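Participant: just to be clear, the model below is a prediction. Sequence and coordinates:
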Amino acid sequence: MKQVLAIARKEMLLEFKERHTFGGIVLFAVAAVFICYLGFHAIPNPNTWNALFWIMVLFSSFNSMSRSFQKEERGVLLYLYSLAPPGAIIIGKLIYNSCLTLVLTVITLLVYLTFMGRAALAEADIAQFISAALLGAIGLAGALTLISGIAAKTGNVFGMMAVLGFPVIIPMLVTVLRVSKNALDGIALTVNTQYFMVLLGLNLLVWVLSFLLFPYLWRD
Amino acid sequence: MTVLLFMYSLVGGLIIKIPDLDRLHQTLRNLFFHVPLWFAMIFVMLLSFIFSIRYLRSGGRGNDLWAVEAVNVGLLFGTLGFLTGSLWGNYAWGDISAWLINEPRSLAAIIAILFYVAYLILRSSIDEDQKRARVAAVYNIFAFALYLLFIIVIPRMVSSLHPGVGGNPGFNVYDSDNSLKIVLYPAWLSFTLLAFWLTHLRVRMRRLEDSNYDTI
């Protein structure tokens, strides 16, 4: 457990040392929202609002996850990692990546709200939407962490990650889109709960699978 | 034996007498091909999944070969299933693009094809044998688990025009005199066996290539 926290902390420290990379990702998200603003000006339709929001989050998280395993190629980090059990490594990375995606989602949401207006939120159930967004972010992080590990083994990270990552993301994305769209339409929690359960189940599945499969990946 | 069964289902599917129904007429014959194709694909993907797990646990080249060839065959069947499905959709619903709108089954079909094409791309991008097999096995397991969850859960959630889902009659309702079952059950069996046979043949082919390569 201590090792897990140590690894998560190490990732965070590394990130702070090179803050410009995180700034780059945030800039990407903000720029994307701004470009959409120029095209749309304001989106009153909840469907479109929702879909566009999740597309932004998806691409920003793809960008940030692809760097997750790229740093490993340097010798020092590899030595440090050989000291820790692979289970701890993956959980540490998952926790760190989830935090990263959560922060990214919140920032994107705020910028999005500012630019795209709140007309789409007229009948929305805010609590549901926020929990859907948080769960979705954690799920994205979970799925993409393992995929970025796989992609890192091939050497051609960003292209490979896109190829591998998109099919994996689609079930997650379909569920998240449905849940958040229901939340935006103001559908009662009793009806929406089944979709939340599916989202929760997907998150759990992805985390557990990553934890189980990572040791095999790491064996080099 | 497989050949006999396959010929039976192929010929029988096209010729056998079926109840003639409004709007469906002869397109019902698609049932004989489309459903077994899909089932065979899932069976073969399951095979690939099992062999990936076996490879990770005990690491034999045979396991890896089975996993890959199963995916290859599965992709073939999946594409055929998709094509038969959209062909049917064209005749039944009169519009070839109607199947893509909000239709979770065809979406799941496309995702399956995407997953396994990505798997093949992943394999082709790593050169060392052992590493390639290991990394690909990891992705296979990950992909299959997610895919299974997706096809089990999503159709329950979304309304669709696909027969047998969400209030549409699955075709067994029409089978009033059991005449459909005579061809359907053997067709199921024969397509599954065909898929397995193709995979087995390909594995043997690869093994022969391997031993040829070694002796050179």
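Facilitator: Thanks, I have the structure now.
Participant: measure A:I35 to A:I169 for me?
Facilitator: Taking CB to CB, to the nearest Å as the measure, A:I35 falls 22 Å from A:I169. (C-beta placed from N, C-alpha, C; glycine too.)
Participant: out of the two, which sits in the busier spot?
Facilitator: A:I169 (21 against 10; other CB atoms under 10 Å in any protein chain shown).
Participant: near chain A, which residues of chain B are found?
Facilitator: B:56, B:107, B:111, B:114-115, B:118, B:121-122, B:125-126, B:131, B:134-135, B:137-139, B:141-143, B:145-147, B:149-150, B:153-154, B:157-158 (CB under 8 Å from any CB of the partner chain).
Participant: whichever of the residues you listed end up buried, select them in ChimeraX.
Facilitator: The ChimeraX command for the buried members of the residues of chain B next to chain A (criterion: 16 or more other CB atoms under 10 Å in any protein chain shown) is given here:
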select /B:56,107,111,114,115,118,122,125,126,134,135,137,138,139,141,142,143,145,146,147,149,150,153,154,158
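Participant: of the residues of chain B next to chain A, which belong to helices?
Facilitator: Those of the residues of chain B next to chain A mapping onto helices are B:56, B:107, B:111, B:114-115, B:118, B:121-122, B:125, B:131, B:134-135, B:137-139, B:141-143, B:145-147, B:149-150, B:153-154, B:157, per DSSP state H.
Participant: lowest-confidence helix or strand of the chain?
Facilitator: Unless you meant another one, I'm taking chain A. When the helices and strands of chain A are scored by mean pLDDT, DSSP states H and E, helix A:75-82 comes last with a mean of 64.
Participant: where in chain A is pLDDT low?
Facilitator: A:15, A:17-18, A:70-81, A:119-120, A:122-124, A:155-158, A:219-220 (pLDDT under 70).
Participant: interface residues of it facing chain B?
Facilitator: For chain A, the contact set with chain B under CB under 8 Å from any CB comprises A:143, A:146-147, A:150, A:153-156, A:160, A:163-164, A:166-168, A:170-171, A:174-175, A:178, A:194-195, A:198, A:201-202, A:205-206, A:209-210, A:213, A:216-217, A:219-220.
Participant: again, only this time at 6 Å
Facilitator: A:150, A:153-154, A:163-164, A:167, A:170-171, A:198, A:209, A:213, A:216-217 (CB under 6 Å from any CB of the partner chain).
Participant: give me the buried entries from those residues.
Facilitator: Counted by 16+ other CB under 10 Å, the residues of chain A next to chain B give A:150, A:153-154, A:163-164, A:167, A:170-171, A:198, A:209, A:213, A:216-217 as buried.
Participant: dump these to TSV, plus secondary structure.
Facilitator: Compiled in TSV, these are given as follows (DSSP: H, G, I helix; E, B strand; the rest coil):
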residue	secondary structure
A:I150	helix
A:K153	helix
A:T154	helix
A:V163	helix
A:L164	helix
A:P167	helix
A:I170	helix
A:P171	helix
A:V198	helix
A:L209	helix
A:L213	helix
A:Y216	helix
A:L217	helix
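Participant: A:I43: which of those is nearest?
Facilitator: A:I170 (23.1 Å; CB to CB).
Participant: secondary structure element for the closest residue to A:S68 other than its chain neighbours?
Facilitator: Spatial nearest neighbour of A:S68, excluding adjacent residues (CB to CB, 6 or more residues apart in numbering or on different chains): A:S148 at 4.8 Å. Element membership of A:S148, judged by DSSP states H and E, is helix A:126-154.
Participant: swap in A:I187?
Facilitator: Using DSSP H and E, A:I187 falls outside every helix and strand.
Participant: next one: the one 5 residues further on
Facilitator: Counting by DSSP H and E, the element that carries A:N192 is helix A:189-218.
Participant: helices or strands up against that helix?
Facilitator: Secondary-structure packing of helix A:189-218 (3 or more CB pairs under 6 Å, 6 or more residues apart in numbering or on different chains; DSSP states H and E): helix A:86-116, helix A:126-154, helix A:157-185, helix B:129-157.
Participant: mind checking the ones you listed for the one nearest to A:A8?
Facilitator: helix A:86-116 (4.4 Å).
Participant: show me which residues of the closest one are buried.
Facilitator: A:86, A:88-102, A:104-105, A:107-109, A:111-112, A:115-116.
Participant: what separation do you get for the closest residue to A:Y195 other than its chain neighbours and chain B?
Facilitator: Spatial nearest neighbour of A:Y195, excluding adjacent residues (CB to CB, 6+ apart): A:V179 at 4.5 Å. To chain B, A:V179 is 10 Å away according to CB to the nearest CB, to the nearest Å.
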